[in-house]
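Participant: What follows is a protein structure lacking sequence information:
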C-alpha cells in the first residue's frame, strides 16, 4: 500500500510494496528507469502463439516474429493445420512487403505504423511494436506526472503528460523490478494503443512478459500473444538486415479491402517520440 508500514514512518521515509517495501519512488526516477530500459533494447526474436485478425478472419496459431530498431520487422504466420505459411510480412527499415498466401494477394508500401496494421489490425510504429513486445514501452518526452501506490493491485500507477498526450502505466517495482504490467498511450483523451502484460520471465538476462494483450481504437483491433518458450526467444541479439527482406511475388494481385485489415486511424497530430 502507498503508506505501507505507516507505524514506522517516524523512522524513515514512506515505503511502498507491502510485504516487500521499497522507498517511495519519484516520477523523475521512474521515467529515467523506463527510458534507460527502452533505450537499452535493440532487438528481439520469438516463436509465439498469437490470437489475432488476419484479414477479415480471426486466427490463432504459431507466428515467427523478429524485430530490431530502425523499423525492421518480420512476421510469418503458420497454418494450424500443417505449419505452412499463411501470411508473411517484412519491414526493411524503409518499405514493407505483405503476402497473403491463403488469398494469393500482396501489399507493398512505406514502412510505418500502417505496416503492423496490415498484418494484425493494430496500428503501431514498428519500433513501438518491438518495445511493447519486450515490456519497454516508449516514454513521453519532457513529461510530468504522478506516481501512486495502488494497495489493491500492489503496483505503482503512473500517469505522465506531455504535449496534449497522456501515458498511463502500472508498474511492479517490488524487489528492484520494473515490470510494466500495463501501459496505455492517449492523444487528447483518445487511445492510440494499450497493452497488458503478465508472467514476466528471464530471457538472456532481460525480464520480458510471457503474455501480452494489445488493444487499439476501433473494432476488431486486439491481439493476444503468448511469446513462447524462453529457449526460442532472444533479446538484443544480432539480426542481419537480410532477414527483413521479402521479395514481392510476381503475378499476385493486390489484396482487396475485404481481404486486408481495415485502414488504421490517422497518425496523431503531435510528433511521436
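Facilitator: Thanks, I have the structure now. Owing to the predicted nature of the structure, the values given are computational and were not obtained by experimental measurement. Numbering: from 1, shown residues only.

Participant: Pull out the buried residues from the longest helix anywhere in the chain.
Facilitator: The residue-count maximum for a helix in the chain (DSSP state H) belongs to helix 27-40. For helix 27-40, the neighbour count (16 or more other CB atoms under 10 Å) marks 30-31, 34-35, 37-38 as buried. C-beta: built from backbone N, CA, C; applies to glycine.

Participant: Figure out how far it is from the centre of its chain.
Facilitator: For helix 27-40, the separation from the chain centroid amounts to 16 Å (computed by CA atoms, centre = their mean, to the nearest Å).

Participant: tell me what it is packed against?
Facilitator: Under the contact definition 3 or more CB pairs under 8 Å, 6 or more residues apart in numbering; DSSP states H and E, helix 27-40 sits against strand 144-150, strand 155-162.

Participant: now, of these, which is deepest in the fold?
Facilitator: Using mean count of other CB atoms under 10 Å, the stretch among the helices and strands packed on helix 27-40 with the largest mean neighbour count is strand 155-162, at a mean of 20.

Participant: Next secondary structure after that one?
Facilitator: strand 165-172 (DSSP states H and E).

Participant: contact partners of that following strand?
Facilitator: Applying CB atoms under 8 Å, 6 or more residues apart in numbering, the contact partners of strand 165-172 are 30, 34, 137, 139-140, 143, 145, 150, 153-161, 178-189, 200, 268, 270.

Participant: do that again at 6 Å, thanks
Facilitator: Outside strand 165-172, the residues that touch it by CB atoms under 6 Å, 6 or more residues apart in numbering are 140, 155-160, 179, 181-187.

Participant: lowest-confidence helix or strand of the protein?
Facilitator: Every helix and strand of the chain was ranked by mean pLDDT, DSSP states H and E. The lowest is strand 15-16, at a mean of 66.

Participant: C-terminal to that one, which secondary structure element comes first?
Facilitator: The helix or strand immediately downstream of strand 15-16 is strand 22-23, counting by DSSP H and E.

Participant: Which strands border that following strand, and is each parallel or antiparallel?
Facilitator: Counting by DSSP bridges, the strands paired with strand 22-23 are strand 15-16 (antiparallel).

Participant: In the very next helix or strand once past the longest helix of the chain, which residues are buried?
Facilitator: Where DSSP H and E defines the elements, the next helix or strand beyond helix 27-40 is strand 43-54. By 16+ other CB under 10 Å, the buried positions in strand 43-54 come out as 43-50, 52-54.

Participant: What helices and strands are in contact with strand 43-54?
Facilitator: With contacts taken as 3 or more CB pairs under 6 Å, 6 or more residues apart in numbering; DSSP states H and E, strand 43-54 sits against strand 57-68, strand 222-226.

Participant: Specify the angle between the first one and strand 222-226 in degrees.
Facilitator: In this structure, strand 57-68 runs at an angle of 60 degrees to strand 222-226, with axes from the mean of the first three to the mean of the last three CA atoms, to 10 degrees as the basis.

Participant: pLDDT score for residue 194?
Facilitator: Residue 194 carries a pLDDT value of 93.

Participant: mind checking how far it is from residue 128?
Facilitator: To residue 128, residue 194 is 12 Å away according to CB to CB, to the nearest Å.

Participant: Alright, calling it a day.
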